[in-house]
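Participant: Dropping the sequence and predicted coords here.
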Amino acid sequence: MCRNIKTLHHFEPPATEDEVRASALQYVRKLSGMPHPSKANEKVFNQAVEQITHLTMHLFEALEVHSPPRSREAEQVKALERGKKREAQLRARYARA
């Protein structure tokens, strides 16, 4: 999966429509292989982004969740820790080479 697409569901405060749209844009770019659509494809490209945004917002509203909301700060700390671990693994791998 594209690393730029982040989990947005079940956070406090909830994800905004702009955050969902940004992820939908990354998704459409990845699937279509087009970072920027041509003029001929711009309309259908933008329609796909809007439809995915709409469906995702609907999905978020319909999902049943039985756990407490995630904390954006806690998720950021976890991501930083994963990054440090990944960097240490790479350094160890290339130090042996």
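Facilitator: Happy to help now that I have it.
Participant: only C-alpha atoms for contact and neighbour calcs from this point on.
Facilitator: OK.
Participant: Near the closest residue in space to Ala48 that isn't next to it in sequence, how many other residues are there?
Facilitator: In space, and not counting its chain neighbours, Ala48 is closest to Val28: 7.1 Å by C-alpha to C-alpha, 6 or more residues apart in numbering. For Val28, the count of nearby residues is 17 (other C-alpha atoms under 10 Å).
Participant: hey, where'd the strands end up in this protein?
Facilitator: For the chain, applying DSSP state E gives strands covering 11-12, 70-71.
Participant: shaky segments in this protein?
Facilitator: Along the chain, the model assigns pLDDT under 70 to residues 1-4, 97.
Participant: quick check: domain ranges of it?
Facilitator: Following automatic domain parsing, one gets these domains for the chain: 1-66, 71-97.
Participant: Pick the most buried one from these.
Facilitator: A comparison of the domains of the chain by mean neighbour count, using mean count of other C-alpha atoms under 10 Å, puts domain 1-66 on top with a mean of 14.
Participant: which stretches of this protein form helices?
Facilitator: Secondary structure of the chain by DSSP state H: the helices cover 17-32, 39-62, 72-96.
Participant: Of all these, which one comes closest to His9?
Facilitator: Nearest to His9 among those is helix 39-62 (6.3 Å), distances taken as C-alpha to C-alpha.
Participant: Check which helices and strands that closest one sits against.
Facilitator: helix 17-32 (3 or more C-alpha pairs under 8 Å, 6 or more residues apart in numbering; DSSP states H and E).
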